[in-house]
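1. Build me a model:
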Amino acid sequence: MSLPQPKIPFGPDDYLAWEQEQSGRNEYVDGEVFAMSGASDAHGTTALNLAALLHAALRGKPCKPFIADMKVHVEAANSFFYPDILVTCDPRDRAPEASHVKHHPVLIVEVLSSTTEAYDRGNKFASYRTLASLQEYVLVSTEQRRIEVFRRDETGHWVLYPFALDEELELASVDFRCPVADVLEGVEDQ
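-> Presented below is the predicted three-dimensional model:
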């Protein structure tokens, strides 16, 4: 997340109409709009690697991955976010009215940066946890060269599954596995 834009009294519908006219991406958090800043090389490479791997693995299946230009609506938090990657398997997210905003992701991935890490781990994750469809929330650290998967268990609690560089990443929500090293391929030491 970046710097807040000037305060404008926006409701969700006002934001959606306004945001379609903007040249950049802007997140909406309970009436406040935040311009999204550009990503680093490491961030972009990591997100592209994982999105490409997910795309190949999910081809021909009912689940579909989306990259940073797709919004997810978190109604309970009155917010719209642009996750680095989201995957939805819900037919309602394939309807024409969901062409710019998804409502039922099973998986959300955020690649951490020094400016967004606290927010991604804190308030943003708290908002995402209100999505009934969400099964996994993934945080990728290019600096620490590790991946943390928070997975909702059968009791509704979120359990952490950490994966190191020399391990195999498992995303149970979409039955996906790959080496963590493949996700971080091409990312230079920072």
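2. Apart from its neighbours in sequence, what residue is nearest Asp41?
-> Glu188 (7.5 Å; C-beta to C-beta, 6 or more residues apart in numbering). (C-beta placed from N, C-alpha, C; glycine too.)
3. pretty sure that neighbour is touching Ala42, no?
-> Yes: between Glu188 and Ala42 there is a contact under C-beta atoms under 8 Å: 6.9 Å.
4. out of those two, which sits in the busier spot?
-> Using other C-beta atoms under 10 Å as the criterion, Glu188 and Ala42 rank with Ala42 on top: 19 against 8.
5. Now the helix or strand harbouring the more buried one - C-alpha only, CSV.
-> In the assignment (DSSP states H and E), Ala42 maps to helix 41-58. Extracted in CSV, the C-alpha atoms of helix 41-58 (Å, rounded to 0.1, in the frame of the first residue of the first chain):
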residue,chain,number,x,y,z
ASP,A,41,12.4,-6.4,-9.7
ALA,A,42,12.4,-9.1,-7.0
HIS,A,43,8.7,-8.5,-6.3
GLY,A,44,7.7,-8.6,-9.9
THR,A,45,9.9,-11.7,-10.7
THR,A,46,8.5,-13.6,-7.8
ALA,A,47,4.9,-12.9,-8.5
LEU,A,48,5.3,-13.7,-12.2
ASN,A,49,7.1,-17.0,-11.4
LEU,A,50,4.4,-18.2,-9.1
ALA,A,51,1.5,-16.9,-11.3
ALA,A,52,3.0,-18.8,-14.3
LEU,A,53,3.5,-22.0,-12.3
LEU,A,54,-0.1,-21.8,-11.0
HIS,A,55,-1.5,-21.0,-14.5
ALA,A,56,0.2,-24.0,-16.0
ALA,A,57,-0.9,-26.3,-13.1
LEU,A,58,-4.5,-25.1,-13.2
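6. how about that helix: buried residues?
-> 42-43, 45-51, 53-54, 57-58 (16 or more other C-beta atoms under 10 Å).
7. So which elements touch the one helix or strand in the chain whose mean pLDDT sits lowest?
-> For the chain, using mean pLDDT, DSSP states H and E, the weakest element among its helices and strands is strand 32-35, scoring a mean of 85. Counting contacts by 3 or more C-beta pairs under 8 Å, 6 or more residues apart in numbering; DSSP states H and E, strand 32-35 packs against helix 12-20, strand 26-29.
8. For the protein, which segments are assigned as helices?
-> Here the chain has its helices, by DSSP state H, at 12-20, 41-58, 117-121, 123-128, 180-183.
9. Could you state which residue of this structure sits nearest its centroid?
-> Pro83 (2.8 Å; C-alpha atoms, centre = their mean).
10. Gly60 versus the residue nearest to that one when sequence neighbours are not counted, what's the distance?
-> Counting by C-beta to C-beta, 6+ apart, Ile108 is the residue found nearest to Pro83 once chain neighbours are left out, at 4.6 Å. Per C-beta to C-beta, to the nearest Å, Ile108 is found 22 Å from Gly60.
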